[in-house]
Each structure stands twice: as structure tokens, then as C-alpha cells.
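>>> model this:
(5 chains)
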Amino acid sequence: MVDADNIIKDLQFFYPEIVLTVTILFVIIAELIPSIKKKLIIPFLSLAGLLLSIFFSVRLFDVQERFLFSNMIIVDHLGVFFRIFFALASVIIVLLSIPTFKRAGEYYALLLTATLGMYLMASSTHIIMIALSLEIVGITCYVLAGYRRSERRSSEAALKYMLYGAVSTGVMLYGFSFLYGMSGEVNIYKIRDILMLEPIDNLLLLVSVIFILAGIGYKIAMVPFHFWCPDVYEGAPTPVTTFFSVGPKVAGIALLIRFVFAGISVQVSETVEQWISIGDIDLQFMLAVLSAITMTLGNTAALAQRNLKRLLAYSCIAHAGYILMGFTMFTGAGINAVLFYVIVYLFMNFGAFIVVDGIALRLKSENIDKYRGLASRAPYLCFALTVFLISLTGIPPTAGFIGKVLLFAAVIDSKLYWLAVVGAVNVVVSLYYYFRIIKAMYLEKPISADELPLAIPRIHIFLTTLLLIPTIYFGLFWSPLREWTTFSLNFMLSID
Amino acid sequence: MTLLYLAIIIWLLPLLTFIIQIFFGNRLPRKGDWVVVGAMFIDLALALVIFGNVIYKYNPDFRAVLQFDWISLGGQDFPLGFVLDNVTAVMLVVVTLVSALIFLYSIGYMKGDPLYSRYFAYLSFFAFSMLGVVLFENLFGIYICWELVGLSSYLLIGFWFEKDSASDAGKKAFITNRVGDFGMFLGMLIVFSALGTFSLEGIKNGVESGQLSGTLLTAAGILFFMGAVGKSAQFPLHVWLPDAMEGPTPVSALIHAATMVAAGVYLIVRIVFMLTPVSTVVIAYIGGFTAFFAATIALTQNDIKRILAYSTVSQLGYMMLALGTGSYAAGLFHLMTHAFFKALLFLGSGSIIYAMHHALHAVNNDADPQNINNMGGLRRKMKVTFWTYLVATLAISGVPFTSGFISKDAILAGTLSFAGRYPQHFLLPFFGFAAAGITAFYMFRLVFKTFFGEFKISEAREHIHESGKIMTVPLVGFAVFCFFAFYTAGNNSISLSSPGEGWFYDLIKPPEQTAMTAAEMPFSEEIYEQEELPAEPGASHSYAIFLSLLIVGAGIVVSYRTYISKTISAETWAAMYPRLYRGMYNKWYIDEFYHATVIKLIFVWSALCRWFDNVIIDGIVNGSARITVIFSWFEGKFDNIVIDGIVNGIANATQILGWFTRQFQTGRIQNYLVGFLIGIFVIIIFRMM
Amino acid sequence: MSGFDIVFLFFAVITIGSAALVVFSKKITHAAFALMFSLFGVAGLYVFLSADFLAAVQIIIYIGGILVLLLFGVLLTVKISSITITTQSTQRIWGAIAGTGLFILVLTIIIRADWFIPEKDPGDIYFTQSRQIGERLMTEYLLPFEIASVLLLAALIGAMFMIRSEDK
Amino acid sequence: MITLDSCLIIGAALFTLGFLAVLTKRNAISVLMGVELILNAANINFVAFGFFRSYEIHGVLIALFVIVIAVSEAAVALAIVLNIYRNMRTVNLDEVDSLKK
Amino acid sequence: MGFLTLITFIPLVGAAIITFLPKGKIALIKKVSVAATGLTLLLTIIMLLRFDRTMPGINKEGQFQFVEHHKWIEVFNIDYFMGVDGLSFPMILLTALLCFLCVFASWNIDRAQKGYFALFLLLETGMIGTFCSLDFFLFYIFWEVMLLPMYFLIGIWGGPRREYAAIKFFLYTLFGSLLMLLSMLAFYFTNEPHTFNMLTIMQNSITYTRTFQYWVYIALFIGFAIKVPIFPFHTWLPDAHVEAPTPISVILAAILLKMGTYGLLRISYPMLPDAANYFAYGLAILGLINILYGAFAAMAQTDLKKLVAYSSISHMGYVLLGMSVFTSAGINGAVLQMFNHGTITAMLFLIVGVIYDRAHHREISGFGGLGSQMPIYTGITSFAFFASFGLPGLSGFISEAMVFIGAFPVYKYITVFAVSGVIITAGYFLWTLQRIFLGKLQDKYKTLPEISGMEIFTLAPLMIIILFVGVYPMPVLNLMRASLNYLIEVVHP
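Next up is the predicted model:
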């Protein structure tokens, strides 16, 4: 049984979350004090909280893997990796949001709450913790999507996201109930340990796993749970969309890693980085097919988009497909590639969205036609966007290329050649629409004669540069990143 | 060996003048013509030195070879080499002599041309390439120069490039030659792949040792002959030569009468050791047929240069006939004699055209200065031209005491003896003799129509003048070489009657061994004795002389009665056999045939390739944009569905897939949720199967 | 069939029947009330499954909280003047197909599955459950308990933000 | 009669009916009711499994938290729906489709 | 820093300098470009003087020259590994030379010069890097780096349909290179320990199974075939050429097309010898198709640049044919043909550029009789045309003849047909020559200026090389023959 000492002892491994929670409370309080509210203090308060949280997270790298609070969550390198990742993402989003939401206390409170939810998503091991953390991220995101309350598109995005999310969560919980029924356990590590030993009905396992995948998959925007994605991305305010494109999505991936590798599959042996799924449901092939369909669908649908946010939304779906490739072989290399890719994806996708946001602030439009001849009006941002798009396509010498190489490498290592070829073809398809943006910026004549340079907020320029550097640097010297991901890839202990 | 170096100097001198001329020609005094002509005379002098040495040595087996590395790949090497033997020495003299005289003549003929210096540059380039063909010991080298000869011919034919006909003719010449060269190159490939060498000596050894034999050898021989067919304008690739007359007349004389076209014959002479019986027969028939066939066309032509062009084709056919029937020396001999008298004929015609041109120009008459129907009675106005022309005509007709008599006679005798041994080949002497008769007829027709009677365009009569010294001197020079004595002078005597004697036959010995071994003789049951080969005109000689005299005489007489005494009406004859006449007049429609078949096919095919490229391949990639194009193409043949099936390619599929995907994106959340559920079903059903 | 069973059956019928009414009723207020009965039924079932505490929570929070919330929502989102507050259906065919399919699927797996059948008598846990829940919430389930409060806080902020009229 | 299967079947029925409501109702609030049914279905399962499977109390605890989830979800959802209503004067989901394709 | 690093990155440094120069200083920008390319050329020439012609290279590190081998990314065994042998060095020479000349050919680019020259220099880095790399990963990165500047160079400074052409080029080539990427990864994992070192991969070639070899060969082949381009992957080429500005067409045709065949020789052949032998016949047939198809399609073109583009397709066919036979003459001929085609086709495109700058169109039928208006230009054009259709004495002939000589003993009938392509080639070039330069001059062209000194300056070095190699090819062959003969030994023992 758990006693209070244990709980108190566990608290020291929980500092990142605690810091974040405290920050949330501060923000809410600050929001209530009018004199503070006027002074742009809230964003910086949030930043401080996030940075402090990163600090504590980094310290957790030294800690031996362990479960906290009666096996509710786990502290391991993977979780710390994602904590740092989410905190970084949130830092960028906070900075990005300053011009748009200067003094909106709720906004930052919700953002931080979502970050907290994502922290928990990455480290939950208990069914109800998974559900709760998903729900925290979900609820805050619904509100964030509808943050421009008076805007029809924004509130529509919120509604769609909310309904889709609610149903998905319900389905997932229903699926979890079966897992619980099969094993009598509520911790995914334990469920796995029990199910490994017991004979199980494959269909039952399959249906429950798919129900759960529906709940996780909708966060990732994995086909067929992706439908909400383009609409919500288009309707939500751009900084929020930027957040969605990486934050909750990667949180979903973190959860998926945890669920797939700790929940329904086991490592072959201590030394071999290869997993096999429990039961006989051939999850690998299913994920491979889903991955192929996801990327194909995302890419082909993006071809016809004229709205940049929507285009990038489909591109996010496609990238979910690429990332899923890393899951298909159940190998350490695959997960490693996934981790690598999500970091790279953070740089390039944030970069692309930030440029789009910066330009949209001035042009008041995200339509691709408005980008014609923009290179002469905003040369730096256009250059940066070009680099990000090239990286998203996966052309050297950018980090995106390395990310894809590692994914393809993992796939080929497992001899899933067809998936690699599908991936390659998809890259070519994606080139077409990414380069349509570049084409509009550089190759086409401006529509109107107002050739004035665009006054882009300084914070956008700053963030763009901040993201541009790693996008190129990691394209050439990616050893440190890779070492970090390899180091973070430690989540395979079983429950005591 | 010194002689060989001398020969190489002969070869390179024109190249030097070419370079000087192309870069500095316009800046030199007199636009540099003296450089080129002077160099050519130096060449001639050097060639005569060599010739003198050779004559002095009097060694039929004289042979000096210089080999050097050209391309070396470690595994495979391609050396080049030069050779100097008696044949080379003779050819050097022929080429440099003809060139020198014609260069000289050109100074007068081309006076005032805007591209005067370029003209001489091209001439030197031609001399360079032609001498290269003569000098190279190596098939690869020969081929290189062979093509360069074609190039200079192209440049010179199209010299007056502003005339469409000239540029057309140049192109035609080059491409037709390329067709021949294609064969020659394949022949080289066969030889090289079997023997690993291009050296003539090496090939000879290889053939003798049997490394290359049988069908492959025959094929190689015929393919080499194909090259010769192209260059020497044999049927069926003769079409370019008459058109080539669009070039300046000295060019026609130099290239298309005396030297370049002889290159084909020369090539066959060089490779005669690798001719198998089958190839020789092919050569003989093509040559014989060409001789006859071209002569018939020449019968009805009215353009003075065209008549000569067909006559050239015909005479080249003779040479081939000679080589094909084993009269090795006779063929080469005819090459030499023909070079002089045909050059003379062309230069004479040039002189006439020059005069006609100026006369017609003076009275602003735009009649064709080359049409013999516009001429007549010129013998009174242009004495030198007339007399030299007559000499050449006599020579080409084969009247005794001319050079043509001895050489042609040797060939005819050769065919006769050949047919004597192989009666089944009776057509060969028939071709030979018939062509001889027709030649006599049309050549005299030409002379009669041009120099006799009355001038047809009376108002221009006063303006006809003899050409200047610079043009008449070469005429006389060539005329001198039409006399038999130059050739029959033997080692120590001058033979009057026997064409088979003289220095030439002593110097030029047929190769000791040919590919024709007895066992391989497919066309005769008779077994040959080794020493009987190659068949030399011998026993049949007297018959031949008699017969040819008879036929030539008949030709001249008929011509005289038709065009001078008018007892025979050419029109009546033409009217009696209209089809025959039209056939001859229209060159047997060979050009038209090529246009309708080969050239059209190539154009249609290339258009098809382009279409295929633009429509099908691009269409597969680009998809819908091309649908309309394809539709118009296939309209009425296939229906929409088929076409869609063809052209809707990958890109289209992608677009459709994207469109299809977006159809689910209705904007209604409940539709999305249905999609969500259906997705789950699909996955489960998919996994359960 | 014991009385126990009959009561169980009764609750089951109420639960499912009312749920069906939620789906098929034309008027949204009817649907709301049907939902109430359905949730009542579920609460009853909880009692049968010896989760009496949960049943209480179900009635208090679900019926007292959520349902009232929903009813407010209904009333706030219709013009008061319109008397019939109806809720029409969309995509019935798809819905019917998908629903049937889903039911068959779930039913199949439930029936096919070889569930573990208890041997013990579920006797005395009835009386200790509330206590156990309380203990566990303070120990084992402390973290979810706290996180749930964060969730509720987030929901609070979010809902308040959404409802509040645009200042500025 | 009170067997695991019967409980699960009730859960399945609720799940299906909830889904049906989600799919077919035009009114956003009706759809939310469907969501509540789905969550209840999950809860029934949890409790039933907890009861029959091992007598552990996890099922009940989880159901408790699911109710919390349902509450928070309902609150935010209603706020969003009200906001939609304020912006568009309708809560009919098929009219909320300005974002598409 | 070694020579190879210098020649690879000097252009990049130039590009960086240009990026930081103000937009208006066009003269300075040009000077920097000239300096960067000139310095590269100079270093290349110094390398040429130091080049040991007896070291074969191919799959032995000790036999490579100017080798630089450093660790780059150790986790994946990726090295910064550069070196040259007789296969790559002629190509580097060609690249350095043409880039230098093309800077001058770019003199009258009229807008956004800064971007143009920066991208151009970046392109040069990509090309030289590709030829230098001996690590597969490095190779791939340079390979892809070429694409981007090319896209912009075509897309921004190109003709009316430039956007279409640019994206078509990019899509095709990217597809090809992705297949190459997959093949590269397949190699990586097949080798134990995993490696991207090309030489190690080659040395282990004996351990690859046949199935593996065949599939990887096909994937690589498609990648390279698109670049070459081999029928039916060639349709990007005419579009790209027609729309690209002149210097870029030159680079595209003269160097980028060589990448394909270079890749086959550098990668496919020694790494997959069994497959190379197995598919040799197919390659020969594709070569034949390229020769004939390209020639026929060229004949039907009305746009001069398109004609030249199709002639490139045809000429690359000779390279393929030569490669498909493992004879000394064939492979040496093929690589020599790569070199020669590089110079000849560069001339052709420069020539097309000259006339386009003056007449502002390229319709062959729209010209006529220019011979009397622009005699020097006519002379140079004729020279290039003659070289292109293989006139003896000019370089094209040597390589074609060597290819035929090499191929004939192996594939008799294919060679016979291929040789017939020479006739067609002569046909369309002569026809074009006639239509543009011969005949009567049209009145509207009476004022066309003669070719300028700058233009002659770009053409003259190429003419000299063409003539020199045509007369005496040994200096170039000497560079490559040791490597290529050894390559044959490796692939086709």
C-alpha cells in the first residue's frame, strides 16, 4: 500500500509539473489584477515558468527510471525528452503569441495547462491518467481553437474540435474498459504483462486497441481520425494553429509510443531493440498501411489547397504519416527516428507557421495568391519560409532531410521496402505543393503594385531566425541530436 | 623513309594554308589566293619528286610505312600510320596535279566573289583531306579523311549558299555520303572486331591467315564498297553528284570529277585483298550497271554540267567494273586518265559557262547559261576551249591515241575475259560496251550542240569571248595529259598499241594474294589456278579493241547524223519511246523515289517521335491537359473511356485521389464522425481478413 | 428468474429504452428528459454492481449537474418564442448502417470473448466501498485526483472565457 | 441474470445509441447527449469488469474520474455551443460548415 | 584544407560573399563570381598537373588522389570522404571550366543578378561536390543540393513557361534521387558494419545476393536514368532546356546530364557488378533507343533549343551504349563521350543563346540566310554542329567511334542500328544549318549584329578543346583509362 512518505518522496521527481501548475495559478491570479494585466507581465511569467520547468526536467535526466505516485506516471528519459520538447514548443508559442494576444491572461493559462497536460500524456502509465491528461489537453485546445470568440470561423473550429475530441475520448475510454476487462489491471505496463501470459481473443484485443488508437490517433491526425484537422487548423488563430501542429500532435505521438511499446508489445530481449506485439493482431502491418494512407492522403489533398494554413494542415497530416513509419517496425531505430523527426518537425513546422503568421498579420490573408512576388517585399521571411519548406519536403542540407533519412533508414532496415517507396513517392508529391508556395513567392509577379516592404513584427523575425539556425545546422551536423534521442530512448522497464 | 616524310609535308601544307586562309585570308594581299595556289604548286613539285624517285627505283614492291600511337587505352590501341608505295605516289601526283591546275584556274573563275578567300580556304582543306585519304595506311585514318573530304565537298557545293538549290545540294551530298560512310564504318567495325587492327597491313595479314573469312569477310567487303558507292556516286547513291554541280565549276572539276569521287575507287584498290568472290561480283555488277545506267540518263540531259556529272558517274562505274572483274591495275589506270580528261571537260564547261554568263548578263537575258540548247557555234569564238574540249571528248569516248582509249580498253578487255571464264556473267561486258557506245554518242552530242551550228541567243553572240589566260592555261595543261604517250612510256620503250604495258603496269602490281581462294569460289564450278588470278586482260584484248572501236565509232556517227547532218531526228526517237525518254530525262525518278520513300518516312517517323514525346509521355505525366489533344487524334477511333485510360497518368491519379479525399471534407462534423467510424470498421475488417 | 433479476431487467430496459428515446425523439426537451431516465437506469445498474457510491455520484453529478447544464444549454440556444424545440436528424441512413454495424461489432466481441468468471461471493464489499474509495483517492489515486482538479480548473477557465461576452 | 455479459450488452447498447445520436442529431446539444451516453457505456463496462473480474475497486474509481471528465467536457462544450449560437444564431451542426474542402 | 575541399567550397564562399553584397553593385557581384569560378578553375588546373594518371581508384582508397577522409557523423559511420580518380576528374575539370565560362555567358542577365550569381555558385559547389564525394551520404547531399539552385535558376530567370519547366525538372529528378536514397540505405544496412563508404560498399559487392542486386540496381537506375535522361524518363529535359536561361542550359546539358551516367559508373557498376552484367543488354537497348529516338525527335523540332535538347538525349545514348559493353574502347569511349558531349553541347547552347539574344526567338523556320549577315557566328555554329554530329577531326567523332568499336563485338545488331543514328544526326544538323544560315537573308535580319567578343571568349576555349581532343584525344584518355580499365576488371572480370 502507498504511504504518505512515498508520495512526498515522489514529489521531488514531479517538480516540472509542479512548477507549471504554480505558474498557471500565478497567471490566473495575475489575470485578475488589472494593474498587472496591463503590463505584458503575464507572457513573461509564463516564459519564466516554462524555462524553470525545463530546468527541472533536464535535471530529471540523471534520475533512474521510476514510477511515481503508485504507478500513475513514470519518470524516464523518454518522458523527460518530451517534457523538454513540449516546454520548448510552448516557449516559442508564448513568444509568438505576444503580438496577437498581448494581455490575455486566460490564453496563457490555457496554454500552460495544455503544456501540463502534454507533460502528463508523455509520462502517464495508468489508464485514468492517460484519459485525464488527454482531456486536459483536449479541453484547453478546444477553447484555444475558439479563442477568437466573436469570429465565426474560430468558434466553428472550436466546436468541431470539441465534438470530435469528445467522441474520440469516449471511444477510447470504451476501448480501455475492454483492456481492463481482459486483464483486470489499470496500468498499461501491467496490462501488457498480464496479457502476455493469458490467452486472449484477438478480435477483442484488436477492437479495443483500435478504439484506443482512435483516441490517440485523433490527436496525431492519423487517418481515418484526421477529419477535424484541416478545418480546425484553418479556423483557429494562427499562433494556436502553430501550437496544434506540434504540441498536441507530438503529445499524441508520445502517448502512442508509450501505449504501443509499453502497453501492447514486449521487447524481444533486454539487448535487442525489437518489440513484438502481444496477441496475434499484427499491429505492425496495420500501422504501416495506416502510415502509407495517412501520408498519401495528406499530400494529395494538400495539392489543391489555396489557403496556406489549410495546406499546412494537410501537410501536418502527411507528416503524421511519415512519423508513423517509424512505428511500423517496432524497433528502437524506428522510435529513435521518430524522436529525431519530431524535433526537426518542431523547427521546420513552427518555422513555416510563424512565417505564415507574420505575413498574415500584415497581409490579412493566408491565401497563396497573396504570396505572389512576396520575395521582393519580405526577402528574409521568404527565404526562411523557403528553407522551412525545403526541410519539410526533405531535401538536403536541412534537418528535415536527415529526419526523413532516419525514418527511411529504419523502414529499410526492417525490409519494409514498399513503405519506403510509398514514402519516397509521397515526398515527390509533397514537393509539388510546397514548391507552389515558393513558386508564388519567387517566380510569380506581384499582383498589385504596392511594393512596400512588409513590416513584420520583430518577434517573428527573431523566432524565424531562432528556428532557421537549427533547421540548417542539424542538416549538416546532427550527431548531438541523434545522441540525445538515443539517450532518451529508455522506457522499457517493466513494473515491479 | 625520307620520301614518306616528304609525303606528309605534302599532306600538311594545304592544312597550313587552310588555317592561314581562314584566319587571315581577307587581310592578305589578293585575299591570299597566291598562298594557296603557291602551296599547291609546291606540293605538286614535291609529289613529282616522289614520283620521280619511285619511277627511278622501279620497284613494284616499294612500300614505306610510318606507324605512330594515336589512341592507346591500355587494353586496346588505335595506332595510325602513313604509307608510301607506288599507288600512293601515282595518286599523289594525280591529286596535286589536278588540284594545282584547278586552283590556278579558280583564280580567274572566282574573281570578284565576296567570299573569295574562304573559297581558297575550302579548296586547301579539300586538298588536305584528299591527300590524307591517299596517304593513310590505316582504315581509321582513311575514314577520318574520307569524312573530311565529304565535309569540304559539302562546303564547296554549298559555297553559294544563298541559292537554295546550292545549299540543298550540299546537304544532299553530305547525307548521301554519310549513308555510304555508315556502311564503311560498319565494315571497319567488322574488321576491327575480328582482327583488332585498322592497319591495312594488319588486316591483310589477318585475312591471309584466315582470322577473318567467310560471310563476315564478304560482308566487310561489301560494306566497304558501300562507302565507295557513296563517295564514288555509284548506283543507288549516285543522286548527289548531279546536284553537286550547283557548286562553282572548278569545284565540280576538282572534286566531283577528278579527285574526291575517285576516292571510292581508291579505297577499293586499297582493300582489294579482302574482297571475296561474292563481293567482287557485287562490285562488278553495281559498277557495270552504274556505267550503263548513268550513261542513259546523260543521253537526254540539257545542262552541260549535268551531262558531265552523269558521265562521271558512268565512268566511275567503269572503274568499279574493272575492280570487280579483277582488272585491278586497269581500274586505277582509268582513274588516273579520267581525272585529267574529266577535269578538262569541266574546266572547259566552266569556261563556256563563264563566257555564257557574261554574255547573257551583258544583254540582260535570263536564259540558263548552262543549257546546251542555248549554245551553239562556240568553236569560232572560243578556240582554245573548243580544241581542248574536243581532245577530252575524244579521250572519254575512247578514241585511239588518247589516254581514255588505253584505259577503257583495258577495262573492257578485262570484262570480256572475265565473261569468257564465267559465261553466266555475260551482262558485265554488255554493260561496258553499251556504256562506251552511249558515252561516245552523248559526248559528241554535247560537243556538237555547243560548238557547232549557230549560237541560239543571237543578241548575245557578240558578247561571247574566250576566257583569260589564267583559265586557258590549265585547259591546255590538262589536254596534254590526254595523250596516250604519257602512260604507255614503259621502262625503256614507248608502246603504241598495247594498253597493258607501260610504266604504270610495271609499278602497280595487283596484290599477290586475294581473299579469293579457290575453295571459296561460289559462282563457278571451275577450279582456278592460283596464278590465273587476278584476271588480267590478255587473250580477249584484241577482241576488245576491235569491238570497242566499232561501238564507239557507231556512237560518234549516230551523234553526227543526229546533230550535225540531222538525218536522224532525236525528237522522233523520243516520241517513239515516250516512256523511255521521260524515264531517262527524269533520271529514272530515283530522286523522286527517295523522296517518296526514305526521306518521307524519316520525316513522318520523326514527327511521330515528337508527337509521341509531347503527347503520350508527357501526357502520362501531365494528365488532363493533354486529353483534348489526344482526343482530336483518336477521334472516331476510340471512345472517351479508352483515351482517359491512356492519358490519365500518375499526376492525374494523384489529383483525383486528392479530390476524392477532399470530398469527405464537407465541413460537417457529423460526416467526419461517420468517416471516423467507417475508418474503424475498415481497419477491423481489413485486419480480420 | 428471481426478483433481483426482474429489477435488474427493469433498470436495463429503462436505461436502453430511454437512451433510444434520446436518439429518436423529435423534441430536444424530450430527449433531455429521456437522457435523465437513462442515466437513472445506469445509476441503478451501478447499485446492482455494488457500486453504490458511484450510483450516488451518478445521480448527483450527472443528473443534477450535467443534465441541468444541458437543459440550460437547450433553453439558451433556442429563441424563446419558438415553441417547438425540435431536433431533426441528419444522415439517417449512414447513421443506421454505422450504428448497426457498431452494435454488431461490439456485441460480437463481447459474446465471443471468454471473460473471466468470478468464483468468490461478492459479499461484504458493499459496506466498505465508500471507505475504500476515500482511502484510495487520498493515496493511490492522489495524482489523478489532483489532476482532475486541474482539469476542472481548465474547464472552468475555458468555459468562463467562452461564455463571457467580448470585453473591449 | 446479472451476468457480466448482460452488463456489457447494456453498455454496448448505450455505446451504439450514443454514437447514433452523435451521428444523426442536428442539434449540437443532442450530440452532446450522445457523447454522455458513450461515456456512460464506458463507465458501465469499467464498473462491471471491476465487479466481475477481480473485485478490485479500480473500475469504480476510474468511473468516478470519467464522470469528472464528462462534467468538464460538458461545461466547455456547452460554452462553445453557446458561443456558436451567439455568432451564428444556430446550433444546427449541418449549418456550421463554413470551413471545408 | 585539401584541394577538393577548396574547389568544392570556394564557389560557396563566393555565394556567401555575394549574399552580403548590396543589391545594386552588379559589377562587384560579377567580379566575385569570376573570381570564385576562376580560382576554382585554376586550382583544378593545378590538380590536373599533379594528377597521377596511373592510379586507378574506383574501389581502392589508396588509389584515389587528393583524398580527404574525416569523420563526420560517427553514429552513422558517415565520413567527409572526398577523392578523385580517372572517372571523376575529367568531370570536375569540365565542371570547373564550364562554370567559369558560364559566368561570362551570364553577363547580360538583366534582373536580380545578386540572386542569380549566388545560386549559380551554389550550383557549382553542388556539382563539384557530387563528383568529389566518395561517401554515399555526402554524395547524396551534394546531389540534392544541385537541385535547388537549378529550380530557382530555371524558375526565376527562365523563359515564358519557366515555372512549369522548373517544377517538372524538380519533380522528376527528386523522384529519381529518392529512389537513390532508398538504395543507399539498403546498401547501408546490407553492409556489416553499416557504412556509407562507397569503396567499402564496392569491396563487399560479392556478398550481395542477386535479388538484392537486381532490385537495388533498378531503383538506382531509375534515379540515374531520369538524370541522363533515358527514354522514357526524358520529357523533363526539353522543357527545362527550352525555358532555362542560356548558361543554365549549358550547365544542365553539359554537366547535370553527366551525373546520371557518372552515377551509373561510380555507383551502380562497381557496387552491383552482377546486376550490371545482367542488365547490360537492356542498357544497350535503351542506349539505342535514346540514340534513335532522340535523333528523330530532334529532327521534328521547330525550336532550335529544343532541337539541341533532343540531340543531347541522342548523344547520351552513345554513352549508354558504350557503358553497356565492358570493353576498354566502349567504356573509355563512353566517358570520353561524356566529356566531349559536355563541351560540344555547351557550345551548342551558348550558340543558341547568342541568336536568341539578338532575334528574341528560336524558331528555326523564322531564320534563313544568316550566313551572310553573321559569317563568324555561322562558322562557329557550323563547327559546333559538325562536332555534334561526329565529324572526324572533332572530339565527338572520337568518342562515338570508340563507343561503336567497343560495342560492336558485343552487340552487333544494336551497334549497327546505333551507327545509323549518325546519319540521322547529320541530317537534322545539316538541315538546321541550312534553314538558319543558308539561303536568302530576310530583310528584318539585315541589322543583326555579329557575335560579340565576349561571346567568342566563352566559345573559343570550348572550340579549342573540341578540336584538340578530336585530333589528339590521348591527354583526356590518359586521365581516365587507368580507372576505367580497372573498372572493367572489377565489374566484368
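
>>> Show me what the worst-scoring helix or strand of chain A on mean pLDDT is packed against.
One helix or strand of chain A scores below all others by mean pLDDT, DSSP states H and E: helix A:34-37, with a mean of 72. Judged by 3 or more C-beta pairs under 8 Å, 6 or more residues apart in numbering or on different chains; DSSP states H and E, helix A:34-37 is in contact with helix A:15-32. Where C-beta positions appear, they are placed from N, C-alpha and C, glycine not excepted.

>>> The helix of greatest length in chain D close to chain B?
For chain D, the helix with the greatest residue count under DSSP state H is helix D:58-88. No - judged by C-beta under 8 Å from any C-beta of the partner chain, helix D:58-88 stays clear of chain B, getting no closer than 11.2 Å.

>>> wait, is residue B:80 part of a strand?
Yes - counting by DSSP: H, G, I helix; E, B strand; the rest coil, residue B:80 is located in a strand.

>>> which residue sits closest to it, ignoring its sequence neighbours?
Closest residue in space to residue B:80, ignoring its immediate chain neighbours: residue B:70 at 4.4 Å, by C-beta to C-beta, 6 or more residues apart in numbering or on different chains.

>>> what sits against whatever residue of chain C ends up closest to chain E?
Residue nearest to chain E within chain C (C-beta to the nearest C-beta): residue C:143, separated by 37.1 Å. Under the criterion of C-beta atoms under 8 Å, 6 or more residues apart in numbering or on different chains, the contact list for residue C:143 reads A:68-70, A:72-73, A:129.

>>> The same query, at a cut-off of 6 Å, please.
A:69, A:72 (C-beta atoms under 6 Å, 6 or more residues apart in numbering or on different chains).

>>> Now residue B:67, what are its backbone angles?
Per-residue torsions, residue B:67: phi -110, psi 140 (degrees, to the nearest 10).

>>> how many other residues sit next to the closest residue to it other than its chain neighbours?
Once flanking residues are discounted, residue B:67 sits nearest to residue B:81: 4.1 Å by C-beta to C-beta, 6+ apart. Residues lying near residue B:81 (other C-beta atoms under 10 Å in any protein chain shown) number 20.

>>> Then residue A:120?
Counted with other C-beta under 10 Å, residue A:120 comes out at 27.

>>> go on, residue C:149?
For residue C:149, using other C-beta under 10 Å, the count is 12.

>>> Please apply the same query to residue A:32.
With other C-beta under 10 Å as criterion, residue A:32 counts 10.

>>> Also residue A:460?
21.

>>> Please name every helix or strand in contact with the strand or helix carrying it.
Secondary structure from DSSP states H and E places residue A:460 in helix A:458-476. For helix A:458-476, the packing partners by 3 or more C-beta pairs under 6 Å, 6 or more residues apart in numbering or on different chains; DSSP states H and E come out as helix A:77-97, helix A:332-363, helix A:379-393, helix A:399-413.

>>> Next, see if the second one gets close to chain E.
No - among the residues of helix A:332-363, none lie within reach of chain E under C-beta under 6 Å from any C-beta of the partner chain; the closest is 9.7 Å away.

>>> could you check the angle helix A:399-413 makes with that helix?
Counting by axes from the mean of the first three to the mean of the last three C-alpha atoms, to 10 degrees, helix A:332-363 points 150 degrees away from the direction of helix A:399-413.

>>> per-residue pLDDT, residue 78?
Just so you know, I chose chain A. On the pLDDT scale, residue A:78 is placed at 88.

>>> oops, I was thinking of chain D
Confidence at residue D:78, expressed as pLDDT, is 90.

>>> Quick check: it touching residue C:75?
No - using C-beta atoms under 6 Å, residue D:78 is not in contact with residue C:75; the gap is 11.3 Å.

>>> Going by residue numbers, what spans are helices in the stretch 151-300 of chain E?
With helices called from DSSP state H, counting those that start in this stretch, the stretch 151-300 of chain E shows them at E:162-190, E:198-203, E:210-227, E:236-243, E:246-251, E:257-263, E:269-271, E:273-278, E:280-299.
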